[in-house]
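S.K.: sequence isn't available, so here's the structure alone:
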């Protein structure tokens, strides 16, 4: 499949090469290992292959079949039709990294616009061209902070209310660096503690303080004081932010955060079982040379025409090799484009409306669930579109019951936080009409009777 | 001509999408948390559609024409892959759903893992890594974890050939290894004597790309691997060039211990203007426990009446998670579809024709462009883009002039060991006619380099912009729309 060669052409090409058979081209490959038998199913036609994929896809229940109250880092939002329609243009998806700017202005301008949108949304000076996902963007913040202090500072403080997977990825990334200390999220720490308590851990060995906004539990805090204290010891502060929330909430930039990262999936990217997603990364102007990943800048050609190029490339692995601070080659190109189109379509008003709908639906849900005997809302702080529900029974049992009624229940927090067993993280978005929330409450009521 | 930015196209009050009014009682967001201003553009749907359609037309892409970008394997991305990944049953599943509701996803992941194991000759696969560079980081960390676990933390030396991709040394350094550069011998192979000289109990491993970045199969690969293994080291295989080996040879059979695949090169998932990639990692038996998880696995075998039950498991001594959730799932669907459609015969055909196309192109141009290592090449070859009798011409000028002829240029200035390198990878999806036209253009450009060098140095001529001032870009650092600068 997908090879256009006819038998005549093949012979003609072999003749031009001076080879008598294809096998002549593989004489460098050790004969005993050449042409292994591959135990794979025989080729299918497109018709059969798509039929098979349809069968596999059909074995899943989806957020379209079920009423979805599950979030915890991946969110069910409406994606306008124009987003995917434009992404399917071959000019975008079958191009590669813009190494030749004269014939890649489309990709380059899209990155420039994406950088502008992320900077605007986060309230930061500059954004890079994106990372793989929110977790790896957070890990890159850790790498950047260690480099900033040339590894003389070795302590990283992570709030336990940062997404557990972000913290896991950060640890995996930094594993090779000697003498690192990770503090703040020890297994016996109280995950729901006021984040200002993290200030007690700050010292002049602290490279980075990592916090989340709204935090993993959906809670909204004003981090101004905590960040001031962290700056007082010279540490850098990275805030992992939910981009939808930033439509209506004060920006991390206003709190004086040094780095803002986050998961861009809510910006027009399908849930797609966890990927591909989008990591955004923004910082202050003074750290622009320390950023990992690609950056696009505006410039002109010899005739003065405006154009865009990859810039500050001397930081990157293909130039610096083992002295590079990151091995990143590319960005999350097409996902970055999806976010750019999504934000352009929704614009200031549409995006504000989505954020407000999330806020309203979640608060209605929390209010209603709080009335159900046996259930209570454990979130006391203002929250965005997620909140903690304390349940009378194990969360997996309740979720099984909800599933029987066509509802995808919230995230079982006991999986990551032993002290939060029987606690469920419930999420609502613009995708949850009132009747779904009412149905959720009705089924939960049945639980409380059992 | 230039297209205005979305900020320049914005008109206050416009909106491309509307959402339903809230159907629940209103709760007010406390004032102290509210942001004052949201400087996003305001556009109608048609404004947005035209804007992105316009800028897309400033791009070159595989769907437009020949894209022989060496080392990047710009093969055709089948449309059926795109249709498959967009099936609602895949696209609308949440990564944290109970596993019993996503058995289709897990069956697909498991199936793809099994196929990749078979194609590469490995014992286990982790699908976690988001791209080749991350797959490489995983591989290097797996090697580090293995030596640690074996009680040999003194193994800190990583051997890297001078022809390697820049990510190899970057990944190794990030994982705490000391890098030892290994030279290339006169035949374009890794210098085995230099490897032998490093074979001691501080050797952690060797990172090898095979075929190497010169497009050549390592002729002493088995011997080189033996030297490293005998000294207690492990072999990392950079799978960037796996396209040449499909159905030809399995890296695991050669003794490679860990290798990343690039689904976006070898298995036809699109490059997307620079991502998403996907870099699954395969390992030999002794490294299975160190892979990053979670990994799809069968936890209850199939019975006569029931399909197997799949779950996600994390290996015992895993290096940890490298990404949220389970990897770039949408890319798995595409690669799965591709392998389904090729089957074992089609995969070998892809490998063979990738090599046939490269050698054909090489035969057409090698009398005009000096090729430093004159051997049968694999899926790509590296030529010099410079001539003594055309002193003003560099590889960059040839690359830019190719744009005038309607082609994407090859990779230039890599690998670093070839002077004015032009690295050409045609892939198997191109026809003889396309290769002939490209070769003709290269030959004409070689003439022009002597007769009218100005044509090359001022190229490209018919693009939306000419050569851009990169120094100015780095000096002025305009990294966002000017309307946002206050």
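M.R.: Cool, got the structure. No experiment lies behind these values; they were computed from the predicted model shown. Numbers count the residues shown, from 1 in each chain, chains lettered A, B, ... in the order given.

S.K.: nearest residue to residue A:5 in space, please, no chain neighbours.
M.R.: residue B:353 (5.9 Å; CB to CB, 6 or more residues apart in numbering or on different chains). Every C-beta, even on glycine, is put in place using the N, C-alpha and C of the backbone.

S.K.: surely the one you found is within a strand?
M.R.: No - checked against DSSP: H, G, I helix; E, B strand; the rest coil, residue B:353 lies outside a strand; its state is helix.

S.K.: contacts only, for it.
M.R.: A:3, A:5, B:428 (CB atoms under 8 Å, 6 or more residues apart in numbering or on different chains).

S.K.: before we move on, what about residue A:427?
M.R.: A:68-72, A:75-76, A:218, A:362, A:385-386, A:410-411.

S.K.: now narrow these to whatever sits close to chain B.
M.R.: Among those, the residues within reach of chain B (CB under 8 Å from any CB of the partner chain) are A:68, A:70, A:72, A:76, A:411.

S.K.: mind picking the two most distant members of these?
M.R.: Distance extremes for the ones next to chain B among the contacts of residue A:427: the farthest pair is A:76 and A:411 at 12.8 Å, using CB to CB.

S.K.: find residues that contact each of those two.
M.R.: A:70, A:427.

S.K.: in stretch B:109-117, what's buried?
M.R.: B:109, B:110, B:111, B:112, B:113, B:115, B:116, B:117 (16 or more other CB atoms under 10 Å in any protein chain shown).

S.K.: stretch A:204-211 too?
M.R.: Residues of stretch A:204-211 classed as buried: A:206, A:207, A:208, A:209, A:210, A:211 (neighbour count, 16+ other CB under 10 Å).

S.K.: for stretch B:184-198, same thing?
M.R.: By 16+ other CB under 10 Å, the buried positions in stretch B:184-198 come out as B:184, B:188, B:189, B:190, B:191, B:192, B:194, B:195, B:198.

S.K.: surely residue A:269 meets residue A:334?
M.R.: No - using CB atoms under 8 Å, residue A:269 is not in contact with residue A:334; the gap is 9.4 Å.

S.K.: list residues touching both of the two?
M.R.: Common neighbours of residue A:269 and residue A:334 are listed as residue A:276 (criterion: CB under 8 Å, 6+ apart).

S.K.: give the contact list for the residue of the stretch 201-350 of chain A at minimum distance from chain B.
M.R.: In the stretch 201-350 of chain A, no residue comes nearer to chain B than residue A:274, which is 2.8 Å away by CB to the nearest CB. Shown in contact with residue A:274 (CB under 8 Å, 6+ apart): A:74, B:95, B:324, B:325, B:326, B:327, B:329.

S.K.: quick one: which of the residues you listed is most hemmed in?
M.R.: When neighbours are counted by other CB atoms under 10 Å in any protein chain shown, residue B:327 leads the contacts of residue A:274 with 31 neighbours.

S.K.: burial count for the closest residue to that residue other than its chain neighbours?
M.R.: Nearest in space to residue B:327, with sequence neighbours left out and distances taken as CB to CB, 6+ apart, is residue B:127 at 4.2 Å. By the measure other CB under 10 Å, the count of residues near residue B:127 is 31.

S.K.: for residue A:335, same thing?
M.R.: Using other CB under 10 Å, residue A:335 is surrounded by 29 other residues.

S.K.: over to residue A:201?
M.R.: 14.

S.K.: okay, it: pLDDT?
M.R.: For residue A:201, the pLDDT comes out at 98.

S.K.: my guess is it contacts residue A:183, does it?
M.R.: Yes - here residue A:201 reaches residue A:183: they are 5.4 Å apart, a contact under CB under 8 Å.

S.K.: which neighbours do those two share?
M.R.: Common contacts of residue A:201 and residue A:183 (CB under 8 Å, 6+ apart): residue A:157.

S.K.: filter the buried residues of stretch B:109-117 down to just the ones in helices.
M.R.: Residues of these located in helices (DSSP state H): B:109, B:110, B:111, B:112, B:113, B:115, B:116, B:117.

S.K.: quick one: which of the residues you listed is nearest to chain A?
M.R.: Among these, and counting by CB to the nearest CB, the member closest to chain A is residue B:115, at 5.8 Å.

S.K.: which SS state does residue 2 fall under?
M.R.: Just so you know, I chose chain A. Look at residue A:2: counting by three-state DSSP, its state is coil.

S.K.: neighbours of the closest residue to it other than its chain neighbours, how many?
M.R.: In space, and not counting its chain neighbours, residue A:2 is closest to residue B:429: 5.1 Å by CB to CB, 6+ apart. Residue B:429 has 22 neighbours, counted by other CB under 10 Å.

S.K.: equivalent analysis for residue B:416, please.
M.R.: Neighbours around residue B:416, by other CB under 10 Å: 14.

S.K.: shouldn't residue A:29 be in contact with residue B:217?
M.R.: Yes - counting by CB under 8 Å, residue A:29 touches residue B:217, with 6.0 Å between them.

S.K.: from the contacts of residue A:427, which land in helices?
M.R.: If you go by DSSP H, the contacts of residue A:427 have residue A:362 in helices.

S.K.: mind checking which of the contacts of residue A:427 land in strands?
M.R.: Secondary structure from DSSP state E places A:68, A:386, A:411 of the contacts of residue A:427 in strands.

S.K.: coming back round to it: okay, the ones next to chain B among the contacts of residue A:427 in CSV with distance to residue A:433 next?
M.R.: Output for those, formatted as CSV (distance: CB to CB, whole Å):
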residue, distance to residue A:433
A:68, 12
A:70, 17
A:72, 21
A:76, 13
A:411, 21
